[in-house]
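[1] 3D, please:
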Amino acid sequence: MSLNGKTAIVTGSNSGIGLGIARELARAGADVVLNSFTDREEDHALARALADEFGVKARYIKADMSKGEECRNLIEQAGACDILVNNAGIQHVSPIDEFPVEKWDAIIAINLNSAFHTTAAALPMMRAAGWGRIVNIASAHGLTASPFKAAYVAAKHGIVGMTKTVALETAQEPITCNAICPGYVLTPLVEAQIPDTMEKYGMGREEVIKKVMLERQPSKEFATVEQLGGTAVFLCSDAAAQITGTTISVDGGWTAL
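    Numbers count the residues shown, from 1 in each chain. I've put the predicted structure just below:
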């Protein structure tokens, strides 16, 4: 599954799932572009560390994924885009009649609109190169719903629909577009929530993970960022050249219920 010579742009990739995917793409030989809305020394240090560890080219480009122009500029600044991973996302939980309008707008902008803008900017580059892979990070919530997550569920369902549309528009080209639908993933952000959840419910670590945090995930195990990265690498490989317009669930059986 060598991706030598390919350039991968991963949005929202200075931590968590995005960084995990970027690492696996770099491990497979792809040059990588990391992204987030900050512009700190540690952001650029992450890129240098990837370059040193895997012997690839890596850089960090600041872009606010809530702004369409910056989404498109990210692709243009990168200069090449063989692989696009639309990962940037935020969340807010609230009943729909109390859902803050600004939170709705921000979630739709970052979780859905950004993927439209980056994809629109990247496709001409992929067509010029004669090869392309688009991997959209959706969610189990792109296939099912939960209460109090109206904006997130709407955005992720939208990502799944856009994935199918882009796949149909590129079906006769050497370009594929697929969505990965993770369930609960063990990221540093989730890990940090475990102690407080243990205290709230008066449970031990394993009990609170299985009975509270992973209540809807039948495997009772978190997915890992490495597993998501490996799935992304597979979708970018020649073995997946005829896989397009579909969703791959990495959710421990959640959407099988």
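[2] List the buried residues in stretch 35-47.
    35-37, 43-44, 46-47 (16 or more other Cβ atoms under 10 Å). C-beta coordinates here come from the backbone N, C-alpha and C atoms, glycine included.
[3] So of the residues you listed, which two are at opposite extremes in space?
    37 and 47 (15.6 Å; Cβ to Cβ).
[4] in the stretch 1-150 of the chain, which spans are helices?
    Using DSSP state H, counting those that start in this stretch, the helices of the stretch 1-150 of the chain run over residues 16-27, 41-54, 68-78, 101-108, 114-129, 150-169.
[5] Return the most buried member of these.
    helix 16-27 (a mean of 25; mean count of other Cβ atoms under 10 Å).
[6] How far off centre is that helix?
    10 Å (Cα atoms, centre = their mean, to the nearest Å).
[7] I'd like to know which elements it is packed against.
    Helices and strands touching helix 16-27, by 3 or more Cβ pairs under 8 Å, 6 or more residues apart in numbering; DSSP states H and E, are strand 7-10, strand 31-36, helix 41-54, strand 83-86, strand 132-137, helix 225-236.
[8] closest to residue 73 out of these?
    strand 31-36 (10.9 Å).
[9] and that closest one, what's its mean pLDDT?
    Averaging pLDDT along strand 31-36 gives 98.
[10] Equivalent analysis for stretch 227-236, please.
    98.
[11] Distance to residue 107 added to the buried residues of stretch 35-47, as CSV?
    Output for the buried residues of stretch 35-47, formatted as CSV (distance: Cβ to Cβ, whole Å):
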residue, distance to residue 107
35, 18
36, 17
37, 14
43, 23
44, 28
46, 25
47, 27
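[12] for these, which one is nearest residue 108?
    Distances from residue 108 to the buried residues of stretch 35-47, taken by Cβ to Cβ, are shortest for residue 37, at 16.3 Å.
[13] With adjacent residues omitted, what lies nearest to the closest one?
    residue 64 (4.6 Å; Cβ to Cβ, 6 or more residues apart in numbering).
[14] How about the backbone phi and psi for the one you found?
    Phi and psi for residue 64, reported as degrees, to the nearest 10, are phi -90, psi 110.
[15] Quick check: it touching residue 74?
    No. Residue 64 is not in contact with residue 74 according to Cβ atoms under 8 Å; the separation is 9.4 Å.
[16] Centroid-nearest residue for this structure?
    Nearest to the mean C-alpha position of the chain, by Cα atoms, centre = their mean, lies residue 87 at 2.5 Å.
[17] Skipping its backbone neighbours, what lies nearest residue 139 in space?
    Per Cβ to Cβ, 6+ apart, closest to residue 139 is residue 156, 4.4 Å.
[18] Report the contact partners of that neighbour.
    111, 138-139, 141-142, 181 (Cβ atoms under 8 Å, 6 or more residues apart in numbering).
[19] Quick check: it vs residue 163, distance?
    11 Å (Cβ to Cβ, to the nearest Å).
[20] next one: residue 10
    For residue 10, the distance to residue 163 - Cβ to Cβ - is 16 Å.
[21] Equivalent analysis for residue 231, please.
    Counting by Cβ to Cβ - residue 231 and residue 163 are separated by 14 Å.
[22] What's the local residue count around residue 230?
    Counted by other Cβ atoms under 10 Å, the residues lying close to residue 230 total 18.
[23] got it, and residue 214?
    18.
[24] is it true that it touches residue 221?
    Yes. Judged on Cβ under 8 Å, residue 214 makes contact with residue 221 at a distance of 7.2 Å.
[25] shared neighbours, those two?
    What both residue 214 and residue 221 touch, as defined by Cβ under 8 Å, 6+ apart, is the set residue 252.
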